[in-house]
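# The following block contains a protein sequence and its predicted model.
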Amino acid sequence: MKSLTGWLLRLSLGLWLGSLCTFSWAGSLSWESLSSQERKVLQEYQSQWSGFSIEKQSNLKRWAALPASQRAQIRSQYTQWKNLPLTRRIALQQKLDHYRSLPTDKREKIKKWRSWIKSLPMAEQQKLREQWSAMSSSERKRYIQDLAKQYGAPPL
């Protein structure tokens, strides 16, 4: 399972940025103003469209503009999220809240670290996921040093 925390962060940021860009002073979007592709993707909402707020219409329009593959990926990730036990979802939300509360420089350091981890071969990433929590501090340090010798130093 891909990192849900990273996905949640990207989704939250995307939705927030999107909401800034999609607000319309006109009051609503007419169904006819949508492209044929957007109407096709959103056809299940046609009868309700005029009753939606401008915010919901804009969010749906943005959803329809996404490539089909991206919509499928988001649906899949959302299903994974909903299938997690409530305690796990709460723990992930708390991690995300903690991450958001960090100073910018710490968040940047974490992003660089995650990018370096993602650059490792999949077998190493899997090994890290499986063994990291059971390692002591000294074992972690030694393991990262070994990885750095093989794949280049992490950007810390």
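Structure received.

# can you map out the helices along this protein?
In the chain, the helices defined using DSSP state H lie at 4-22, 36-41, 54-65, 68-83, 86-101, 104-119, 122-131, 137-151.

# I'd like the average pLDDT over the fifth one.
Across helix 86-101, the average pLDDT comes to 95.

# do the second one as well
With pLDDT averaged residue by residue, helix 36-41 scores 94.

# Who are the contact partners of residue 89?
Residues near residue 89 by CB atoms under 8 Å, 6 or more residues apart in numbering: residue 81. Bear in mind the C-beta positions are built from the backbone N, C-alpha and C, glycine included.

# do you know how far it is from residue 80?
In this view, residue 89 and residue 80 are 11 Å apart by CB to CB, to the nearest Å.

# now swap in residue 66 and tell me
18 Å.

# before we move on, what about residue 151?
For residue 151, the distance to residue 80 - CB to CB - is 29 Å.

# Residue 57 now?
28 Å.

# between the two, who's got more neighbours?
The residue with more neighbours, out of residue 57 and residue 80, is residue 57; 24 against 13, by other CB atoms under 10 Å.
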